[in-house]
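>>> From the sequence below, what's the structure:
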Amino acid sequence: MSLYNNYNETLRAQFGTRVQKISINAGFTCPNRDGRVGVGGCTYCNNLTFHPQYCKPEKSPLQQLEEGMDFFKKYKDQKYMPYFQTYTNTYAPLSTLKELYTPLLNQKNVVGLVVGTRPDCVDEPMLDYFAELAKTTYVMLEYGVESTLNTTLKTINRGHNYETSEWAIRATHERGIHTGAHLILGLPGETQPDFMHHADKLSELPLDMLKLHQLQIVRGTKMYEDYKKDPSPFHLFELEDYIKVVCRFLKRLNPNIGLERFISSSPEEYLVAPDWGIKNFEFVHKLEKSLLEDNF
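Coordinates of the predicted model:
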């Protein structure tokens, strides 16, 4: 019996093999950067910290997909999904999105599409389009929720409230589209009861998948500049403390929600703190050990 709902195992069971996401940078921007919603972006965000070397916007999405598939070809018989990850990947006219997505879905061994976006950057016609796609292929929309507290969302300059996240997640699920969310644990001003509140609130939503991230301070962000001036408002987890928080979080979370990831892994040249020096699979091993021992 699994200690938690592992979404990677769900995908493997659905497709009968390993499924690898290939990150795609299609050159999108964000309404929280270009002035439509705000400027400067979210205070914690530097998109350079989470896309691989082959993922460059000067290359076409198809070229990025092909290079990514070549990079992971050592895993035989696996399937692939282009993962539009960088910035807000529905922040364009629907006609533009169709031109980007459709050619990739026609490639051999591609079994679906994953799109990372903001909950304030989808509308009814766009969701209807994804619903049509989802009738013939796997489609996942991943929403950056980050916090369920509006006070926190304002502090980090997120540019939308939690109610917008609730609407987007429910509207996506109602159309038969796989629905995911991202949540950051440890944002400024939040405490242990807030983390459990997040678990309770997300448990009310029809989520298929959740990715957890510990707060990291990375260079090139507003949060980094604030941290240099005064680190006292920031609660940066020690590894063992974060493991305990995640264990408690999982105990509160609706077990129907699959977990795909537990930690962020920023490149060394950007990461300021906390620097745990641990990979996701190593973290999972420690987490499972703690869950098994009920030591939290």
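
>>> Parallel or antiparallel, which strands does the host helix or strand of residue 144 pair with?
Per DSSP states H and E: residue 144 is located in strand 138-146. Next to strand 138-146 in the sheet, as set by DSSP bridges, lie strand 112-117 (parallel), strand 178-185 (parallel).

>>> Would you mind checking the average pLDDT for the shortest one?
So the one you mean is strand 112-117. Per-residue pLDDT values across strand 112-117 average out to 96.

>>> Other residues contacting that strand?
Residues outside strand 112-117 that contact it (Cβ atoms under 8 Å, 6 or more residues apart in numbering): 19, 21, 81-86, 88-91, 101, 104-105, 130, 133, 137-144, 182. (C-beta placed from N, C-alpha, C; glycine too.)

>>> same question, the longest one
Surrounding strand 178-185, the residues in contact under the criterion Cβ under 8 Å, 6+ apart are 44, 116, 134, 138-147, 165, 169, 172-173, 195, 198, 202, 205-215, 237, 242, 245-246, 249, 260.

>>> Just those residues: which are in strands?
Applying DSSP state E to the contacts of strand 178-185, the entries found in strands are 116, 138-146, 209-214, 260.

>>> which residues does residue 157 contact?
Contacts of residue 157 by Cβ under 8 Å, 6+ apart are 32, 38, 40, 41, 42, 43, 222.

>>> Which of these fall within helices?
Mapping those onto helices (DSSP state H) picks out residue 222.

>>> just the buried members of the contacts of residue 157?
32, 38, 41, 42, 43, 222 (16 or more other Cβ atoms under 10 Å).

>>> Just the pLDDT at the residue nearest to the third one when sequence neighbours are not counted, thanks.
Sequence neighbours aside, residue 33 is the residue nearest to residue 41 in space, at 4.7 Å (criterion: Cβ to Cβ, 6 or more residues apart in numbering). Per-residue pLDDT puts residue 33 at 80.
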